[in-house]
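J.: Curious how this folds, go ahead:
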Amino acid sequence: MMFRLIAALRKAKTLSASRHAALAASAVLVGLFAADAALADARMAVVPKRTIYPGEEIQAGLLEEVEVTNPNIVKGYAENIGQVDGLITKRTLLAGRVILVSALREPFAVSRGTTVQLVFDNGAMILRAAGTPLQDAAIGELIKVRNKDSGVIVSGTVMEDGTVHVVAR
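T.: Model (predicted):
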C-alpha cells in the first residue's frame, strides 16, 4: 500500500513539473510575441545634430531620426525628416531633443515693407495694383496690405506666386 502511495505522489510531481514546463514555454512564447509587437510599433523622432536658432531654415543634413524610448513623451513631435525639411524654426531647437511641430512655421512668401502685386478678381473684372505688406506672411495667410497709389489698407490672402488676392468687403 505504501508503494502505491509513493508511486502516486511521484506521478503527481511529474505532472506538476510538466505543467510548469508547459506554462513556462507558453510564457516565453507570449514574451516573444510581445517583443515582436513592440519592435513593430517602434516609433521614431527627429532630433537636430546641433543647436538650431530661431529663424533658421531646417535642412535634412542637420537632422537625424532616432527611436523613441520614452513611453511618456509628449505628442506633437516630428516623426520623419521629410515632415520638417525646409521649414523655419520659431524657437531654439537643442541638439538631441525632439522637434515639436508647433515650434516650426512655413517660410515667408512676402516680407513686410517690400512691394507686392495686389489682385482683385470679381469674375469679369480683374484689378491689379502695387502694394506694401504691413507684416510678414506665409502662403495662405490673411494679411493687411497698403495700396501704394491710394494709401488704402486692404486685406488679402498671400498666394504661391507672391501676389496678394484682395478680399471683397
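
J.: What segments of this structure are helices?
T.: For the chain, applying DSSP state H gives helices covering 2-40.

J.: how about stretch 158-169: buried residues?
T.: In terms of neighbour count (16 or more other CB atoms under 10 Å), stretch 158-169 has its buried residues at 158, 159, 163, 164, 166. All C-beta spots, glycine's among them, are computed from the backbone N, C-alpha and C.

J.: can you tell me which of those are in strands?
T.: Judged by DSSP state E, strands contain the following of these: 158, 164, 166.

J.: Does the second one touch residue 110 like I think?
T.: Yes. Distance between residue 164 and residue 110: 7.0 Å, which falls inside the contact criterion (CB atoms under 8 Å).

J.: Kindly state the domain boundaries assigned to the protein.
T.: Listed domain ranges for the chain are 1-41, 44-105, 116-166 (source: automatic domain parsing).

J.: re the thing from before, could you export the buried residues of stretch 158-169 as a markdown table, including distance to residue 126 and pLDDT?
T.: Below are the buried residues of stretch 158-169 laid out as a markdown table (distance: CB to CB, whole Å; pLDDT from 0 to 100):
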| residue | distance to residue 126 | pLDDT |
| --- | --- | --- |
| 158 | 18 | 95 |
| 159 | 14 | 94 |
| 163 | 11 | 93 |
| 164 | 14 | 95 |
| 166 | 11 | 94 |
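
J.: Could you dump the residues you listed into CSV and include distance to residue 83?
T.: Converted to CSV, the buried residues of stretch 158-169 look like this (distance: CB to CB, whole Å):
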residue, distance to residue 83
158, 22
159, 24
163, 28
164, 28
166, 33
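
J.: In contact with the closest residue in space to residue 155 that isn't next to it in sequence, which residues?
T.: In this structure, residue 155 finds its nearest non-sequential neighbour in residue 167, 5.0 Å apart by CB to CB, 6 or more residues apart in numbering. Applying CB atoms under 8 Å, 6 or more residues apart in numbering, we find residue 167 in contact with 142, 154, 155, 156, 157.

J.: Buried ones among these?
T.: With burial judged by 16+ other CB under 10 Å, the buried subset of those is 154, 156, 157.

J.: from those, which single one is nearest residue 45?
T.: residue 157 (33.8 Å; CB to CB).

J.: Pull out the buried positions in the longest strand seen in the chain.
T.: Identified as the longest strand of the chain according to DSSP E is strand 125-133. Within strand 125-133, the residues that count as buried by 16+ other CB under 10 Å are 129, 131, 132, 133.
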